[in-house]
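# Coordinates only, no sequence provided:
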C-alpha cells in the first residue's frame, strides 16, 4: 500500500463512516473500481487503524455530551434512580442499542468476513441501503426529539444497526432510518446514531487489535498506514459536524441516490471486467 492509497482510503473512511453511504462498502469498492491489488494483510491492518481513527473523531466531537452522560449515569447509580435523569437514560439506551449488533457480530463473524471479499455482493447491499433511506424518508413522520427516546426505540434502532455488520449496509444509514421509523427528527436520529456507534466501534476495535497483535512484522508498514489513520480522524470529525447541520433542513434522498448510482456502477464494471 502506497502513501497515496493510504491517504485516499483514509479520507474515504472518514467521509463515509458517518455519512449514510457505507464506509465498509467504499473500502471494498474503491480498490475494486480503481483496480488496485492490495496485500490482504495490510488491508486488514489498515481497516483496523482507520476505524480507530473514526472512533477517536466521534469521541472528540461528542466529548462534552459523553462527559455529561457519564456523570448522569454514575449519579443515577449512586442515588438508586438510574433512569430519572434524561442524560442517564440516554447513556443506558445507547448501551442497550449496542446489544443486537454486538451479538450478531460475534455469531456471524465468518459470514461477514466472507462478504468483504465480494465487491458485487457489497454493491447489491449498497443498493439495499439506498432503498432503506428512500423508504425511511417517504413513509415516516419526524416529530420526536431525543429526550423522548424509550427502551423500545433503542432496541429497534439497535436491530437496524445489526443489519450494518455486512459491507454495503451503511451503519449510520441503517440507524438513522431506524430512528426515523420511531418518528425521531432527522438530527435527533443522527445524533443517537453517532453516540451508539461509540460502544460498537470500541468493541470491534479491541477485537481487531487482538487479531492485529498476531500479524507478524506489523511495525514495518505502520508509518504508511498511520497516514490513513489521521486522515480518517480529521475527515471523520468534519463529516459529523457537516451531516448534523445538513439534516436540520434537508432529507436523506441525495445519499440514497448516491448509493444507488455507485451500486449500479460497480455491478456494471464487474460485469464487463
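Nice, I can see it. From a predicted model like this one, the values you see are computed outputs, not experimental measurements. Numbering: from 1, shown residues only.
# which parts of stretch 226-236 are buried?
For stretch 226-236, a neighbour-count test (16 or more other Cβ atoms under 10 Å) marks 227, 228, 229, 230, 231, 232, 233, 234, 235, 236 as buried. Just so you know, the C-beta spots here come from the backbone N, C-alpha and C atoms, and that holds for glycine as well.
# what about the helices in the stretch 51-200 of the chain?
63-78, 86-107, 109-115, 119-139, 151-163, 171-181, 186-212 (DSSP state H, counting those that start in this stretch).
# Same list (those helices) but as a markdown table, adding mean pLDDT and distance to residue 251.
Output for the helices of the stretch 51-200 of the chain, formatted as a markdown table (pLDDT from 0 to 100; distance: least, Cβ to Cβ, whole Å):
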| stretch | mean pLDDT | distance to residue 251 |
| --- | --- | --- |
| helix 63-78 | 92 | 25 |
| helix 86-107 | 85 | 23 |
| helix 109-115 | 60 | 29 |
| helix 119-139 | 90 | 5 |
| helix 151-163 | 91 | 18 |
| helix 171-181 | 92 | 10 |
| helix 186-212 | 82 | 8 |
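# tell me the most buried of those?
Burial of the helices of the stretch 51-200 of the chain is given as mean neighbour count (mean count of other Cβ atoms under 10 Å); helix 171-181 ranks first at a mean of 28.
# ok so, going back, can you tell me which of the helices of the stretch 51-200 of the chain is nearest to residue 29?
The closest of the helices of the stretch 51-200 of the chain to residue 29 is helix 119-139. By Cβ to Cβ, the value is 5.9 Å.
# starting at the chain centroid, how far to that closest one?
When C-alpha coordinates are averaged (Cα atoms, centre = their mean, to the nearest Å), helix 119-139 and its chain have centres 15 Å apart.
# helices and strands around it, which ones?
Judged by 3 or more Cβ pairs under 8 Å, 6 or more residues apart in numbering; DSSP states H and E, helix 119-139 is in contact with helix 23-33, helix 109-115, helix 171-181, helix 253-272.
# if we go to 7 Å?
On a contact count with 3 or more Cβ pairs under 7 Å, 6 or more residues apart in numbering; DSSP states H and E, helix 119-139 meets helix 23-33, helix 171-181, helix 253-272.
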